[in-house]
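1. Just need the structure, nothing else, for what follows:
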Amino acid sequence: MIRLMSIIYALAGPTLAGILITAALVMNMFTVKAMIVTAAIGFVVALPISWYVAKMINENA
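-> So this is what the prediction gives:
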């Protein structure tokens, strides 16, 4: 399951980080600190999401 989770995380992490960076830019937060914080939040939030998706795939496969 760890291998599947890491593959899903490799896709979900940058996707969520990109979504949050885009949201920050839309809210006129153009500072470097805002970009780093939103990207870090995206990568951290992707961990439990990728674990949950991998768990669901393993249970239903």
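2. CA atoms for contacts and neighbours, from now on please.
-> Fine.
3. Show residues contacting the helix or strand in which residue 23 is found.
-> Following DSSP states H and E, one finds residue 23 within helix 2-26. Helix 2-26 has contacts (CA atoms under 8 Å, 6 or more residues apart in numbering) with 30, 34-35, 38-47, 49-51, 53-54.
4. Could you tell me which of those residues count as buried?
-> 35, 38-43, 46-47, 49-51, 54 (16 or more other CA atoms under 10 Å).
5. Export those to CSV and append columns for distance to residue 6 and pLDDT.
-> Formatted as CSV, those follow (distance: CA to CA, whole Å; pLDDT from 0 to 100):
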residue, distance to residue 6, pLDDT
35, 24, 97
38, 21, 97
39, 18, 97
40, 17, 98
41, 17, 98
42, 15, 97
43, 12, 97
46, 10, 98
47, 9, 97
49, 11, 97
50, 8, 97
51, 9, 97
54, 9, 97
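6. of all these, which two lie farthest apart?
-> Using CA to CA, the pair of these lying farthest apart is 35 and 54, separated by 28.3 Å.
7. re earlier: could I get the buried ones among the contacts of helix 2-26 as JSON lines with secondary structure and distance to residue 4?
-> Shown next, in JSON lines, are the buried ones among the contacts of helix 2-26 (DSSP: H, G, I helix; E, B strand; the rest coil; distance: CA to CA, whole Å):
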{"residue": "35", "secondary structure": "helix", "distance to residue 4": "28"}
{"residue": "38", "secondary structure": "helix", "distance to residue 4": "25"}
{"residue": "39", "secondary structure": "helix", "distance to residue 4": "22"}
{"residue": "40", "secondary structure": "helix", "distance to residue 4": "22"}
{"residue": "41", "secondary structure": "helix", "distance to residue 4": "22"}
{"residue": "42", "secondary structure": "helix", "distance to residue 4": "19"}
{"residue": "43", "secondary structure": "helix", "distance to residue 4": "17"}
{"residue": "46", "secondary structure": "helix", "distance to residue 4": "14"}
{"residue": "47", "secondary structure": "helix", "distance to residue 4": "12"}
{"residue": "49", "secondary structure": "helix", "distance to residue 4": "12"}
{"residue": "50", "secondary structure": "helix", "distance to residue 4": "9"}
{"residue": "51", "secondary structure": "helix", "distance to residue 4": "9"}
{"residue": "54", "secondary structure": "helix", "distance to residue 4": "6"}
